[in-house]
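# what's the 3D shape of this:
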Amino acid sequence: MPVHRPPVFLFASPEPALLAAIEPMLLSAGARVEVVLSAPDALAAMTAVNPPDLALLDVSLPGMELPRLLAAARAEAGAHPFPIVLIADTVAQEWLDLLTEGAIDDLILRASEPPYWQIRLDLALRTHRLVQELEALREASTRNAQLDRLTGIYNREALLAFLFRETDRVQRMNNSMSLVLFDIDDFGHWNTRLGMDVCDELLCQVVSRTARLLRSYDLFGRPGMDEFLVGLPGCATATAVTLAERLRLEVFSTPFRVAGESIRLSACFGISASQGRSPVVVLREAEQALQWAKAAGPESIQTFGASAHPAPAPVTFLSGTSGDELLAW
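Numbering: from 1, shown residues only. I've put the predicted structure just below:
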């Protein structure tokens with residue numbers, strides 16, 4: 001059974017009388033109170049490995065101006081990991097400005113009765129918790145909007161956004177970047193024969209095998225049904241060709257096991273180099289190179305600009321149903 005620790009409240013004030021009046025209320029609410037008497041000590045507590053669950057800061061803390069304390073705490077501990085409640089004598093405009101800016105979560109007048117303090121602190125904790133939950137939901141929603149629902153890799157829109165970002169980096173650093181676009185050969189045949197559910201599993205296995213060959217910062221996404229794009233920051237065309245050959249060998253040469261069957265897939269590859277140009281242009285070149293590869297036959301690799309449009313030639317392959325050798329263009 002999990003053990004729930006009591007919440008820790010940081011009480012930062014140089015006034016013993018105020019602590020004597022408020023601490024019993026905090027303890028009765030089940031909190032553990034950590035008391036500091038100066039702004040530097042408050043900063044140390046707020047930026048510790050285990051920060052408080054709520055901080056009560058007296059505006060009369062010595063040792064550092066309050067705006068500087070808040071800025072330093074945010075710089076060290078990150079953006080508002082816990083609610084901060086200010087203790088003041090009056091509702092001054094400078095404190096209202098901090099509240100509007102989000103630097104603090106609430107303001108309590110020093111002369112308020114303890115029951116009022118408890119209500120405001122409970123409200124500050126609940127509000128902060130709700131804000132964190134909403135932020136987590138927003139981040140999850142943003143991530144999900146970038147991902148292909150089936151495979152979990154980037155969708156076309158996210159790929160373009162990341163490619164624009166990487167292109168900016170290429171331009172600034174005078175670096176290289178290449179794209180490898182590949183498409184599974186005759187995937188419609190397998191959809192007809194095996195059904196969409198089994199073919200979805202095939203696509204997920206292709207993704208899993210491909211991801212093992214990529215670096216952590218390479219881009220990998222699914223711009224089309226059976227089409228995949230790899231972005232290779234810092235890689236010239238020759239390196240992209242080498243990766244395409246590895247994909248052809250290590251991803252597609254070994255049969256896939258789905259629905260009790262052993263399925264041998266193949267793919268064609270189109271490669272283009274960024275050279276700091278618009279990702280839209282580079283992606284179109286990769287698509288053109290992929291079309292040339294498809295015209296050349298299964299398992300072909302073509303690089304845009306490396307040669308003229310290849311003349312299509314008949315390719316011999318083994319039929320998945322009859323076992324006969326067939327010719328295809």
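# which strand residues bridge the closest residue to F162 other than its chain neighbours?
In space, F162 comes closest to L219 once its chain neighbours are excluded; the distance is 5.4 Å by CB to CB, 6 or more residues apart in numbering. For glycine as for every other residue, the C-beta is placed from the backbone atoms N, C-alpha and C. Beta-bridge partners recorded for L219 (DSSP bridges): G231.
# domain ranges for the chain, per the record?
8-144, 156-328 (automatic domain parsing).
# quick one: closest of these to L150.
domain 156-328 (5.7 Å; CB to CB).
# picking up where we left off before, pLDDT wise, what is the residue nearest to F162 at?
Here, the pLDDT recorded for L219 equals 95.
# and for S319?
46.
# same check on the one 4 residues further on?
pLDDT recorded at G323 is 48.
# swap in V170?
89.
# ok, it to E65 distance?
45 Å (CB to CB, to the nearest Å).
# elements contacting the host helix or strand of R246?
Using DSSP states H and E, R246 sits within helix 237-246. Packing partners of helix 237-246 (3 or more CB pairs under 8 Å, 6 or more residues apart in numbering; DSSP states H and E): strand 177-184, strand 227-233, strand 267-273, strand 301-303.
# run through the chain and note the low-pLDDT ranges.
Across the chain, residues meeting the criterion (pLDDT under 70) sit at 1-4, 77-80, 140-144, 307-329.
# any idea where the strands of the stretch 1-150 of the chain begin and end?
Remark: strands assigned in the stretch 1-150 of the chain by DSSP state E, counting those that start in this stretch are 8-12, 32-36, 54-58, 84-88, 106-109.
# among those strands, which is nearest K294?
strand 84-88 (60.7 Å).
# how big is the angle separating the closest one from strand 54-58?
Relative orientation of strand 84-88 with respect to strand 54-58: 20 degrees, computed using axes from the mean of the first three to the mean of the last three CA atoms, to 10 degrees.
# which other helices and strands does strand 84-88 contact?
Counting by 3+ CB pairs under 8 Å, 6+ apart, strand 84-88 packs on strand 54-58, helix 66-77, helix 93-101, strand 106-109, helix 114-146.
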